[in-house]
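Undergrad: Next one to model:
(chains A and B)
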Amino acid sequence: MFGKLLVANRGEIAVRIIRACRELGIKTVAVYSEADADGLHAALADEKVCLPGFKPVDTYLNMEKVIQAARETGAGAVHPGYGYLAENEAFALRCGEAGIFFIGPRPENIRLAGNKLRAKKQAAAAGLPVIPGCERGICTVEEAVAAARDTGFPVILKATAGGGGRGMRICSDEEELREEFPIARAEAGASFGDVTLYVEKLLRNPRHIEVQVLGDSGGRVIHLGERECSVQRRYQKLIEESPSPALDDDLRDKIGAAAVRLAESINYFNAGTVEFMLDANNNFYFMEINARLQVEHPVTEMVTGIDIVKEQVRLALGERVKTGVQRHRGHGWALECRINAEDPEKFFLPSPGLIECYRAPGGFGVRLDTHVYQGYRVPPYYDSLLAKLVAWGRDRAAAICTMRRALDEFTLEPVKTTIPLHKRILADQSFQKGTFNTSLVNRFVPADDDD
Amino acid sequence: MDAKLVEVRAPIAGVFYRKPSPESPPYVEAGDSVKKKQVLCLLETMKVFQKIKSPVNGKVVEIVAQNEQPVSDNDVLLIMEEE
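TA: Model (predicted):
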């Protein structure tokens, strides 16, 4: 057991974790960069330690400094949140060596999930449907052309160490593949330090559906249902919901069982997500494993009543998953809108600065996870996520109604935010009917320019 | 021909970068001749990189901002001399 936990993150997720710990009676230590001295997480934690500098690499990504802060404050556990050190195998190992509980998956889970091609092979071995494509990493353009001919165009080039849409290129024919290959390779090298690529058949305008899983140290895995994450812009999620309007109970059971089967086959521990693509004919394919707590976890919490961060702590301490929820059907419907400091009218250009006017929405069915307050200055050095606005209703229509009302109440000025875009999407017929796919957002924003 | 000085300012707050990656040479040095729309530097704001381009045909007179250091909204980054 540990009485004190260090939160190795900032922003809304650090606040989220501190809240869970407070309710569990665990003391918290916040780490903060010099640019985050006024951060809400630093104000709410029981103790705070400054990480000198402002750049992520010097602060929230600095393993040595984070572990040193845990040692000096006597924290027995570290929660990495998402991003930063969350999916860093070396950091999870270092915590273990330092005798500190890492609140998350085992290092080997993180390693497997981090290699997209290995994870895909593992999924295929566990009997999950996977998207046709090459089975080995590709290092030359000729290998890529041969693999694409085997698979059939159009194809998508992906980085084996990838994530977040970086190093991904759609190629409709051989000429385009030859042109895009070196760019994808360079991007993969720059983003992930690994130039290995793989080729996959392109699935046009799929839906993105993911399953929340929890695994205990005894090898037992349960799932908490799915999240629909198809409202995206350039592979960045904007609106998530649970359950998915695309699934009936039969398909829901099949996807959930597939996610559990895969997680059990790799002895997955703690919270994680198995991501799938769903085509227009309701065929689902494994996409990747996310070995972390996800940004959009609150929609699952709202429909299941399970606090996933508290479960993470419980599981880290060696407790068992609650198998009673194996057959859990969520109650009602939950939506989450990501409120980013970005201008949707100007190609999502970031918009940091002082929050001069802040009025938060509230009332029945509204949950707001944020680190923003009146007079807070949004620093330009970190993620643009300002708030996650979550609405719950008895059914999807009720949740949409509550979300639209909450968006109308929400004032964050003068920074530009995604609030006006969310209002337009929620007023859209295909969104309301639930018949959208990953191309939906394109209809609401200006076409990307090349710069 | 009259020389006219033009300030290139930060459109938003961020971190100023003189080169595309640590190993690469800088985009421009003081004294370089540049074309209109040529990339002068990068500005990173919330993990998004923006190319800052020359507003004029001319010469780089001074690079005011420091590499990899924060700049505020509307800070002068470079001074150009229009041809």
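Undergrad: low pLDDT regions in chain B?
TA: B:1-2 (pLDDT under 70).
Undergrad: And the stretch 101-250 of chain A, by the same measure?
TA: Using pLDDT under 70, the stretch 101-250 of chain A has no residue that qualifies.
Undergrad: Now the closest residue to chain B within it: which helix or strand?
TA: Of all residues in the stretch 101-250 of chain A, residue A:190 sits closest to chain B, at 6.9 Å by Cβ to the nearest Cβ. From N, CA and C alone the C-beta is placed, and that goes for glycine too. Applying DSSP states H and E as the criterion places residue A:190 in helix A:174-192.
Undergrad: Put the alpha carbons of the helix or strand that that helix is followed by into CSV.
TA: Following helix A:174-192 in sequence order, the next helix or strand is strand A:197-201 (DSSP H and E). In CSV, the C-alpha atoms belonging to strand A:197-201 read as follows (Å, rounded to 0.1, in the frame of the first residue of the first chain):
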residue,chain,number,x,y,z
LEU,A,197,6.8,1.2,-41.9
TYR,A,198,4.0,-1.2,-42.8
VAL,A,199,1.4,-1.3,-45.5
GLU,A,200,-2.3,-1.9,-44.9
LYS,A,201,-5.4,-1.9,-47.1
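Undergrad: Check which helices and strands strand A:197-201 is in contact with.
TA: helix A:141-151, strand A:155-159, helix A:174-192 (3 or more Cβ pairs under 8 Å, 6 or more residues apart in numbering or on different chains; DSSP states H and E).
Undergrad: Could you export the last one as CSV, CA atoms only?
TA: Listed next in CSV are the C-alpha coordinates belonging to helix A:174-192 (Å, rounded to 0.1, in the frame of the first residue of the first chain):
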residue,chain,number,x,y,z
GLU,A,174,2.0,3.0,-57.1
GLU,A,175,3.1,6.4,-58.3
GLU,A,176,1.7,8.0,-55.1
LEU,A,177,3.2,5.2,-53.0
ARG,A,178,6.7,5.9,-54.5
GLU,A,179,6.3,9.6,-53.8
GLU,A,180,4.9,9.3,-50.2
PHE,A,181,7.2,6.5,-49.0
PRO,A,182,10.3,8.6,-48.2
ILE,A,183,8.1,11.3,-46.5
ALA,A,184,6.3,8.8,-44.3
ARG,A,185,9.7,7.2,-43.5
ALA,A,186,11.2,10.6,-42.6
GLU,A,187,8.1,11.5,-40.5
ALA,A,188,8.3,8.2,-38.7
GLY,A,189,12.0,8.7,-37.9
ALA,A,190,11.5,12.2,-36.7
SER,A,191,8.4,11.4,-34.5
PHE,A,192,9.3,8.0,-33.2
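Undergrad: Residue numbers of the stretch 351-451 of chain A in contact with chain B?
TA: A:351-353, A:380-384, A:451 (Cβ under 8 Å from any Cβ of the partner chain).
Undergrad: run the last query once more with 7 Å
TA: Neighbours of chain B within the stretch 351-451 of chain A, by Cβ under 7 Å from any Cβ of the partner chain: A:352-353, A:380-384, A:451.
Undergrad: next one: the helix holding residue A:190 to chain centre, how far?
TA: How far helix A:174-192 lies from its chain's middle: 25 Å, per Cα atoms, centre = their mean, to the nearest Å.
Undergrad: same question, stretch A:384-396
TA: Distance, centroid of stretch A:384-396 to centroid of chain: 15 Å (Cα atoms, centre = their mean).
Undergrad: cool, stretch B:65-78 as well?
TA: That offset, for stretch B:65-78, works out to 9 Å (Cα atoms, centre = their mean).
Undergrad: Can you get me the start-to-end distance on it?
TA: 7 Å (Cα to Cα, to the nearest Å).
Undergrad: Show residues contacting stretch A:335-347.
TA: A:237-241, A:296, A:298-299, A:348-352, A:378, A:384-391, A:399-400, A:403, A:407, A:415-422, A:445-446, A:448-449, B:46 (Cβ atoms under 7 Å, 6 or more residues apart in numbering or on different chains).
Undergrad: Let's see which of these end up in strands.
TA: A:237-241, A:349-350, A:378, A:385-391 (DSSP state E).
Undergrad: Tabulate the helices and strands packed on strand A:197-201 (JSON lines), appending distance to residue A:358 and mean neighbour count.
TA: Formatted as JSON lines, the helices and strands packed on strand A:197-201 follow (distance: least, Cβ to Cβ, whole Å; neighbours: other Cβ atoms under 10 Å in any protein chain shown):
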{"stretch": "helix A:141-151", "distance to residue A:358": "50", "mean neighbour count": "17"}
{"stretch": "strand A:155-159", "distance to residue A:358": "39", "mean neighbour count": "26"}
{"stretch": "helix A:174-192", "distance to residue A:358": "34", "mean neighbour count": "17"}
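Undergrad: out of those, which comes closest to residue B:56?
TA: When the helices and strands packed on strand A:197-201 are compared by Cβ to Cβ, helix A:174-192 sits nearest residue B:56, at 30.1 Å.
Undergrad: Below-threshold pLDDT in the stretch 251-400 of chain A: ranges please.
TA: Ranges of the stretch 251-400 of chain A meeting pLDDT under 70: A:324-329.
Undergrad: how about the strands in it?
TA: A:270-278, A:284-290, A:333-340, A:342-343, A:349-350, A:353-354, A:357-359, A:366-370, A:377-378, A:385-393 (DSSP state E, counting those that start in this stretch).
Undergrad: For those, give me TSV that also has distance to residue A:120 and mean neighbour count.
TA: Listed next are the strands of the stretch 251-400 of chain A as TSV, based on distance: least, Cβ to Cβ, whole Å; neighbours: other Cβ under 10 Å:
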stretch	distance to residue A:120	mean neighbour count
strand A:270-278	11	24
strand A:284-290	7	22
strand A:333-340	27	26
strand A:342-343	32	22
strand A:349-350	33	22
strand A:353-354	42	16
strand A:357-359	44	13
strand A:366-370	32	19
strand A:377-378	38	18
strand A:385-393	28	24
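Undergrad: can you redo the ones you listed as CSV with distance to residue B:52?
TA: Putting those into CSV (distance: least, Cβ to Cβ, whole Å) gives the following:
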stretch, distance to residue B:52
strand A:270-278, 36
strand A:284-290, 34
strand A:333-340, 22
strand A:342-343, 17
strand A:349-350, 13
strand A:353-354, 19
strand A:357-359, 30
strand A:366-370, 31
strand A:377-378, 21
strand A:385-393, 25
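Undergrad: nearest to residue A:163, of those strands?
TA: Nearest of the strands of the stretch 251-400 of chain A (Cβ to Cβ): strand A:284-290, 7.6 Å.
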